[in-house]
Each structure stands twice: as C-alpha cells, then as structure tokens.
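**Q** give me a 3D structure for the following:
(one chain, ligands or ions: 1)
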Amino acid sequence: MSIFDDPGLFGRLWADTYDGPGGNPDPAPAVAFLADLVDGPDPVGGTSPAGDNGPAGGGGVLELAIGTGRVALPLAERGIPVEGVEASPEMVAKLHAKPGGDGIPVAIGDMADVPVTGPYRLAYLVFNTLFNLVREERQADCFRNVARVLAPGGAFVIETFVPDPADFDRDEQVQMREVTEDSATIRLHRYDRAAQTFVRQTIRFDADGVHLHPFAMRYLWPEQIDALAERAGLRLTERYADWDRSPFDADSRSHISVYRKP
Ligand SMILES: C[S@@+](CC[C@H](N)C(=O)[O-])C[C@H]1O[C@@H](n2cnc3c(N)ncnc32)[C@H](O)[C@@H]1O
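**A** Next comes the predicted model:
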C-alpha cells in the first residue's frame, strides 16, 4: 500500500516508542488552553461538561488522532469527558493500558471521516496531525465532518507548524537526529512543492542493522487552513503562535487556531 493511502502506518511504526524518552512536547500548555475553552459558556446553553462530569447540552470533547492520549488523558483527569478518533489500534492499545485510559472511548477510523455523531462543544487536532491527511480532498472532508459533529457555537482547535520555504528550497532536506557510540539516526525529506507534500525517512543505523520509518505529510499555510474551515462553515475566531497565547505574526513558526461553528 502507498504511504499516501495508509492511515494506520504511523501507529504500526511508532506505537512502541511514541511515549519513549526524548519524545513529545509537554501537553500541559495545550491542556490548559483546551480546558479554558471547555470551561467557557456552553455553546447551546447546557451545563458545562467540566462542571457536571458528563456530556451536557453542548456535548463533550473530541480529539481527532488521539494517539496514546498525550493530551486527552490529562484533559480527562480534569473531569472533562474526552472521546477520540484514531486510525491505529496499536496507539489506542497504549492509551487504554494507561491509568484512566480505558475510560476514554475511541472510535477506530479515519479522522477525515470523523466516524462519531456528537454533538461536541470542542474538537481538536494537535501536533501537526492535520498534515497527516496527505490528500487535499481528505483535509477538506475532515473540516466538513468536524463541522457536522460540532454543536452550534462549538470550537475546532488546530495546532500546526507554519511551513518554512527555506526548509525545502531544493526539494530535499537532510537532518542529523542523533549520533552515539552505538547508533546514528538521520532524517531525509523529499518535497513535492506542487502537491505541498513531503515524504520523510527516519533512518536508524545500529548493531541490528538499518531501520526505516517512513512518514508523509501534506502541509498547508495558515490561510489555506482558514479557507478549508470557511468552506466547511467554520469561522476563525482566534489565532496564536503557541498555547500560551503569544501573538501570531509573520515570524511565527507554528500556530494555534480556533474555528467556531456559528
Ligand atoms: C503525532 S501523533 C499525535 C497523537 C496525539 N494527538 C498527540 O498529540 O500526542 C499522530 C497520530 O495520528 C494518527 N493518525 C494518522 N493518520 C490518521 C488518520 N487518517 N485518521 C486517524 N488517525 C490518524 C496516528 O496513528 C497517530 O496516533
């Protein structure tokens, strides 16, 4: 199967090491930001889910591509009813093996289809994972389906990097990741600027041989994401450079964007 048509590939390759050392960002700032949104007024006038510990008029919270629960677990620990969608059963098995993880329902499926009904007061898709949808029409499907399951007034929060043309001016990039006495890890990228995609190989050399971890993304500039949202009937209401609400400007290398359903 092509790397562009295999949403389960990430989890098959990374589930065992995803939560390992040196890995992923501290979820605390994201959790604080998302919890603030949930603690706001209920979009359809029900009780706050954080307040009554269960879905209210505006419903609960949905994480697309929930993974092993890096963000969802600490959010659920605050009493917020989080559900997930995830393509990889391997990632979900890791989530459900963690304390509190089995209390988080996850629909196994493609986040472009959003295979749940809602309504949710908040949906979120963080850590650049929108770009894991490597086809333009599937990115559009994702926004359309999120709009379908959001309650009126509900929010969709996206966190992605801002593409930097300096990274791919010759349609390729080589990064050294790690060099030790026993191993070396490099990353090679091949860009297709017309399609706005890249394929990455993370290659580890060690005593057991050569290990390949392929990965593909379709990157978007913030205004392209806004256009997807607008076509789905969602409106940009807030944009920051990071979870601490630093102002977003032309030098920002990432953004947190909040879209609302009217
Ligand atoms: C970088 S991880 C992020 C996991 C989690 N959201 C976090 O912030 O730690 C990307 C996740 O997206 C999932 N994924 C990739 N493509 C997907 C798709 N089309 N539908 C659902 N999940 C997908 C992967 O299995 C993986 O769990």
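**Q** what helix or strand is the residue in the stretch 151-262 of the chain positioned nearest to the ligand on?
**A** Going by Cβ to the nearest ligand atom, the ligand is nearest to residue 159 of the stretch 151-262 of the chain, at 8.4 Å. For every residue, glycine as well, the C-beta is placed using N, CA and C. Element membership for residue 159 (DSSP states H and E) is strand 150-161.
**Q** got the buried residues for the next helix or strand after that strand?
**A** On the C-terminal side of strand 150-161, the closest following helix or strand by DSSP H and E is strand 172-179. By neighbour count on 16 or more other Cβ atoms under 10 Å, the buried set for strand 172-179 is residue 173.
**Q** by mean pLDDT, point me to the weakest helix or strand of this structure.
**A** Across the helices and strands of the chain, mean pLDDT, DSSP states H and E gives its lowest value to helix 49-52, namely a mean of 38.
**Q** from the chain's centroid, how far away is the next helix or strand after that helix?
**A** Following helix 49-52 in sequence order, the next helix or strand is strand 60-64 (DSSP H and E). Strand 60-64 has its C-alpha centroid displaced from the chain centroid by 11 Å (Cα atoms, centre = their mean, to the nearest Å).
**Q** which helices and strands sit right next to strand 60-64?
**A** Judged by 3 or more Cβ pairs under 8 Å, 6 or more residues apart in numbering; DSSP states H and E, strand 60-64 is in contact with strand 82-86, strand 120-125, helix 136-149.
**Q** so which of these comes closest to the ligand?
**A** strand 82-86 (5.0 Å).
**Q** pull the contacting residues for residue 150.
**A** 118, 119, 120, 121, 123, 156, 234, 261 (Cβ atoms under 8 Å, 6 or more residues apart in numbering).
**Q** wait, the first one sits on residue 61?
**A** Spelled out, that is residue 118. No - the pair residue 118 / residue 61 is not scored as a contact, 10.4 Å apart, by Cβ atoms under 8 Å.
**Q** dump the helices and strands packed on strand 60-64 into JSON lines; add mean pLDDT as well.
**A** Converted to JSON lines, these look like this (pLDDT from 0 to 100):
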{"stretch": "strand 82-86", "mean pLDDT": "98"}
{"stretch": "strand 120-125", "mean pLDDT": "98"}
{"stretch": "helix 136-149", "mean pLDDT": "98"}
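**Q** thanks a lot, see you next time.
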